[in-house]
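> fold the following for me, if possible:
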Amino acid sequence: MQTHISFIIKTCFFHLRRIASISRYLTHDACVKLVVSLIFSRLDYCNSLLAGLPASSIHGLQRVQNAAARLTLRKTKRDNITPLLRSLHWLPVNTRISYKLSTLVYRCINDSAPEYLQSSLDLYTQPSDRPLRSAADPLRLNIPRSKLASAGQRAFPSAGPSVWNSLPLELRQSPSLDAFKGRLKTQFFP
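Numbers count the residues shown, from 1 in each chain. Take a look at the predicted model:
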């Protein structure tokens, strides 16, 4: 995955330099649209595959997002990045990964995802010999055990349910995908 991440970082910084060269001719809204279309399309493409990677691997992608925020708001490297990301309503990269995984799991549970993804998730069933507190949670997913400690836990059948189970129950019971996305972004926003 490191070569893939390095290629994304290199490509994004190339486009950021090109946008920076014409930024004085752009309005704020045009700059934001350009950054979202050229940079975030690359950051978000297949980012659910990056779930479970160490923070050192994700750090380069976060640097790209930070540079994009500074470019769109015309700030320097010395400015604090957290208020900039908040003002643009951009989630940090590791949170964007969790957001995408949660959205995929929601779609799987509500039968709007591809069959191969739906078949990889199982609802948690309580052991019949003893009552557990998890019995009150109807949308809890089973996290399968994996043989490979690193790659197995990063696969969708393991990473998706672990992110899903960490969400509050009222969020998981959202009536529609749009309502779920809105509540999820509110939940994840720093």
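> what's the domain layout of this structure?
2-90, 96-188 (automatic domain parsing).
> least confident of those domains, on average?
Comparing mean pLDDT across the domains of the chain, the weakest is domain 96-188, with a mean of 81.
> quick one: end-to-end distance for it.
Domain 96-188 has its terminal residues 9 Å apart, counting by Cα to Cα, to the nearest Å.
> again, but for stretch 155-175
27 Å.
> for stretch 106-114, same thing?
Using Cα to Cα, the two ends of stretch 106-114 sit 12 Å apart.
> next, the buried residues of it.
Residues of stretch 106-114 classed as buried: Tyr106, Arg107, Cys108, Ile109, Ala113 (neighbour count, 16 or more other Cβ atoms under 10 Å). All C-beta spots, glycine's among them, are computed from the backbone N, C-alpha and C.
> just give me how far it sits from the chain centre.
17 Å (Cα atoms, centre = their mean, to the nearest Å).
> how many residues are close by Val64?
Using other Cβ atoms under 10 Å, Val64 has 22 neighbouring residues.
> surely it touches His15?
No: counting by Cβ atoms under 8 Å, Val64 does not reach His15; the two are 9.6 Å apart.
> what touches both of the two?
Ile39 (Cβ atoms under 8 Å, 6 or more residues apart in numbering).
> list the contacts for Ile39?
Per Cβ under 8 Å, 6+ apart, neighbours of Ile39: Cys12, His15, Leu16, Val64, Gln65, Ala68.
> helix/strand/coil for Ser87?
At Ser87 the chain is in helix, as set by DSSP: H, G, I helix; E, B strand; the rest coil.
> burial count for the residue lying closest to it once chain neighbours are set aside?
Nearest non-adjacent residue to Ser87, counting by Cβ to Cβ, 6 or more residues apart in numbering: Leu73, 7.1 Å away. Neighbours of Leu73 under the rule other Cβ under 10 Å: 16.
> list the residues that contact Leu73.
Applying Cβ under 8 Å, 6+ apart, the residues contacting Leu73 are Leu84, Ser87, Leu88.
> one step back: got the buried residues of stretch 106-114 as CSV, with secondary structure and distance to Ser120 columns?
CSV is the format used below for these (DSSP: H, G, I helix; E, B strand; the rest coil; distance: Cβ to Cβ, whole Å):
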residue, secondary structure, distance to Ser120
Tyr106, helix, 15
Arg107, helix, 13
Cys108, helix, 8
Ile109, helix, 12
Ala113, coil, 10
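> need the residues you listed in CSV (columns: distance to Asn47).
Converted to CSV, the buried residues of stretch 106-114 look like this (distance: Cβ to Cβ, whole Å):
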residue, distance to Asn47
Tyr106, 17
Arg107, 16
Cys108, 17
Ile109, 21
Ala113, 17
